[in-house]
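**Q** Provided below for reference: sequence and predicted model.
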Amino acid sequence: MNISWTSRKLFNSGVVDNASGQIVFNIHTPFSLGPRVTTIADARGQVMAEYKHRLGYDTVTYQGQTHLVSDSLPKDGFLS
């Protein structure tokens, strides 16, 4: 599947299947002075995942389970 975005602002954009021209999901990050929450929803508006941006401990919630983003990233060295 080849995809493209409906906007250059990737955290506030739709993701389109190029073959069908249909929106696959939408990404929305409202402006916030505090911690930001990015919501990923399918084409019907059903929330699929949330990404919470927090200094030092970003989290992803998917299918009701919340995980630290750092747990999923490979560790290459002491400071990673």
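**A** Thanks, I have it.
**Q** need the pLDDT of residue 49.
**A** Here the pLDDT value assigned to residue 49 is 96.
**Q** one more: the one 4 residues further on?
**A** Model confidence at residue 53, given as pLDDT, is 88.
**Q** next, give phi and psi for the nearest residue to it once chain neighbours are set aside.
**A** Leaving aside its sequence neighbours, residue 53 sits nearest to residue 36 (Cβ to Cβ, 6 or more residues apart in numbering; 4.4 Å). C-beta here means a position set from N, CA and C on the backbone, and glycine is covered the same way. When read as degrees, to the nearest 10, the backbone of residue 36 gives phi -100, psi 150.
**Q** one more: residue 49?
**A** Per-residue torsions, residue 49: phi -160, psi 160 (degrees, to the nearest 10).
**Q** low-confidence stretches in the chain?
**A** Residues of the chain that meet the criterion pLDDT under 70 lie in 74-80.
**Q** relative to residue 13, how far out is residue 19?
**A** Distance of residue 19 to residue 13, given as Cβ to Cβ, to the nearest Å: 19 Å.
**Q** what of residue 33?
**A** 22 Å.
**Q** higher neighbour count, residue 19 and residue 13?
**A** Neighbour count, other Cβ atoms under 10 Å: between residue 19 and residue 13, residue 13 has more, with 18 against 9.
**Q** shouldn't the more buried one be in contact with residue 5?
**A** Yes: counting by Cβ atoms under 8 Å, residue 5 is a contact partner of residue 13 at 4.5 Å.
**Q** surely residue 24 is within a strand?
**A** Yes: assignment of residue 24 by DSSP: H, G, I helix; E, B strand; the rest coil places it within a strand.
**Q** what sits against it?
**A** 3, 15, 16, 17, 42, 43 (Cβ atoms under 8 Å, 6 or more residues apart in numbering).
**Q** and those as CSV, adding distance to residue 49, secondary structure and neighbour count?
**A** Formatted as CSV, the contacts of residue 24 follow (distance: Cβ to Cβ, whole Å; DSSP: H, G, I helix; E, B strand; the rest coil; neighbours: other Cβ atoms under 10 Å):
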residue, distance to residue 49, secondary structure, neighbour count
3, 16, strand, 11
15, 13, strand, 16
16, 18, strand, 18
17, 18, strand, 14
42, 10, strand, 12
43, 14, coil, 14
